[in-house]
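# Just the structure for this:
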Amino acid sequence: MEEGISGFSRRSYKERRDALYGALRSEGVFTWDVMYEQEYALAGLHRLSPELLAEMRGAAEKLGRLYARTVETVQQGGEELWRELGLPEAAFGAIRLRFDGEKATLIGRFDFAETPQGLKMLEFNSDTPTGIVEAFHVNGRVCAAYGVRDPNAGCAAMLPKAFGRMLDLYRTAGYPAEHIFFSALDWHEEDAGTTKYLLANSSLEGAQFVPLADLRVQGERLWAEKPGEGEPVPVDILYRLHAIEKLAEDRDTDGYPTGEHVLRLIAERKLAVINPPSGFAAQTKALQALIWNLHEAGEFYTEEEHEAISRYMLPTYLEPAFAEGSAYVSKPILGREGSGVTIYEKGAAAEASGDEEYGHQPMVYQKYAPLPEVEVETLAGPYRGSLLWGCFLIDGQGSAVVARVGGRITGNLSYYLPCALA
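Next comes the predicted model:
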């Protein structure tokens, strides 16, 4: 066995990559190791210490509890607060719904920077996080090929327990649960693949995948074309890898506001969704500004929560409020994948993402936390880039971690870098 492992390590980078991702592609679970004709998934390994792994999981749990308590209070607030947080008006009715005050979301991901001042949380992806297949499935396969310890071993077992508890919550709240669907854009390889992976690991009996395009709003229900059945069936519970702020803008080809109709069905308790609406309320980066404002004022939070904010969060505001010359970052409040992000240094823009998909949104302004640099192998040769950690929060528990390597602003095409325990 040892000879096989060492033999694998001695192969060329391309040979190792072909062996790893060729097998994964054939399996059909992870098929997007190349995205937009560019290498995405790397074949090397980054080592992390057990101490760093434990700290990321612990930080995720502390911040998760803090977010849940904040979101519960926000959900009881009014429309003026929700507008200030940048939440779309079409979602206001859904945002009011509360099912678990102790957990804001079922599946979330905290992004962390490892800095000289310690671990710092950059943002919380609590509505529709990705990187799930990479963390929970691919990482273990890569570690097995190298014969090293997978930091995410056993984490996939958390998924069916989490989905089962969410289903119980909805049943207790009086929702029907006969027809369960998992949905995403079927033409989007990563979104569809991630959704199908979660479906396969949810253990929800009878649940099926349906493309978003095959969902229909009619009357007071959302309907799905169920494979093998002639007539559409009502959707009781929907896992959707489709951000609520995008859903709020969705329209049919004839201009009908389908997304707003779906959000109204959620608000009227005629459709249950995963992640729950509280996950969307936690997604807005304006919530980080609210948390930091309350922290600076010494209000609302317990002593333990204030300590967690001070240790793991960065000063974040709704307008630039930093000392002259200080480095900071502007981010769209509902932006994703680094889109619309700008780094400011010495009073001027030093670097921008170049993608303005979310540029029309209000911004938050956050103290700049430089990411550590690492050198990795790629098909194009050695690459030196910035390392960002993600740590998943599954039903309130710290879980699998995932590493990305890219520019100073981590974007959609930043590399996925497998990791192993040191």
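# just checking, what packs against whichever strand or helix holds Ser310?
Assessed by DSSP states H and E, Ser310 sits inside helix 303-312. For helix 303-312, the packing partners by 3 or more C-beta pairs under 8 Å, 6 or more residues apart in numbering; DSSP states H and E come out as helix 50-75, strand 118-125, helix 286-296. Where you see a C-beta, it was placed from the backbone N, CA and C, and this is true even at glycine.
# could you point out which element follows that helix?
strand 316-317.
# re the thing from before, so which of the helices and strands packed on helix 303-312 is nearest Asp214?
strand 118-125 (26.2 Å; C-beta to C-beta).
# Relative to the closest one, what are the paired strands and their orientations?
Sheet pairing of strand 118-125 (DSSP bridges) gives strand 107-115 (antiparallel).
# export the partner strand as CSV, just CAs?
Extracted in CSV, the C-alpha atoms of strand 107-115 (Å, rounded to 0.1, in the frame of the first residue of the first chain):
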residue,chain,number,x,y,z
ILE,A,107,-26.4,24.6,5.7
GLY,A,108,-24.1,27.7,5.9
ARG,A,109,-20.4,28.5,5.3
PHE,A,110,-18.3,31.0,7.1
ASP,A,111,-15.3,32.3,5.2
PHE,A,112,-12.2,33.0,7.2
ALA,A,113,-8.8,34.7,6.7
GLU,A,114,-5.9,33.3,8.7
THR,A,115,-4.1,36.5,9.8
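# Residues in contact with that strand: which ones?
The contact list for strand 107-115, computed with C-beta atoms under 8 Å, 6 or more residues apart in numbering, reads 52, 56, 59-60, 63-64, 119-126, 129, 131-132, 159, 162, 198, 274-275, 279, 282, 369-372, 387-395, 402, 410.
# How far does it sit from its chain's centre?
Relative to its chain's centre, strand 107-115 lies at 9 Å (C-alpha atoms, centre = their mean, to the nearest Å).
# List the buried residues of that strand.
Buried residues in strand 107-115, counted by 16 or more other C-beta atoms under 10 Å: Ile107, Gly108, Arg109, Phe110, Asp111, Phe112, Ala113, Glu114.
# can you give me the mean pLDDT across that strand?
Mean pLDDT, strand 107-115: 97.
# for stretch 318-326, same thing?
Mean pLDDT, computed over stretch 318-326, is 91.
# So for that stretch, first residue to last residue, what's the gap.
16 Å (C-alpha to C-alpha, to the nearest Å).
# residues of that stretch that come out buried?
For stretch 318-326, by 16+ other C-beta under 10 Å, it's Leu318.
# picking that back up, name the nearest of the buried residues of strand 107-115 relative to Leu167.
Ile107 (13.9 Å).
# From Ile132, how far off is that closest one?
7 Å (C-beta to C-beta, to the nearest Å).
# what's the overlap in contacts for those two?
With C-beta under 8 Å, 6+ apart, Ile107 and Ile132 have common neighbours Leu198, Phe392.
# which residues does Lys331 bridge with?
Bridge pairing for Lys331 (DSSP bridges) gives the partners Val364.
# count of neighbours near it?
A count of nearby residues for Lys331, using other C-beta atoms under 10 Å, gives 24.
# neighbours of Lys367, just the number please.
Quick note: Lys367 (other C-beta under 10 Å) scores 17 neighbours.
# Likewise for His261?
16.
# ok, now which ones touch it?
For His261, the contact set (C-beta under 8 Å, 6+ apart) comprises Val217.
# What average pLDDT does the helix or strand encompassing it get?
Using DSSP H and E, His261 falls within helix 258-267. The average pLDDT within helix 258-267 is 95.
# Alpha carbons of it, as CSV, please.
C-alpha atoms of helix 258-267 as CSV (Å, rounded to 0.1, in the frame of the first residue of the first chain):
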residue,chain,number,x,y,z
THR,A,258,-43.1,34.3,-10.7
GLY,A,259,-40.5,34.8,-8.0
GLU,A,260,-42.7,37.3,-6.1
HIS,A,261,-45.5,34.8,-6.3
VAL,A,262,-43.3,32.0,-4.9
LEU,A,263,-42.2,34.3,-2.0
ARG,A,264,-45.8,35.0,-1.2
LEU,A,265,-46.5,31.3,-1.1
ILE,A,266,-43.6,30.9,1.4
ALA,A,267,-45.0,33.8,3.5
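# Tell me which helix or strand comes right after it.
strand 272-274.
# In this structure, where is pLDDT below threshold?
By pLDDT under 70, the low-scoring segments of the chain are 1-6, 227, 338, 354-359.
# Nice, that's everything, thank you.
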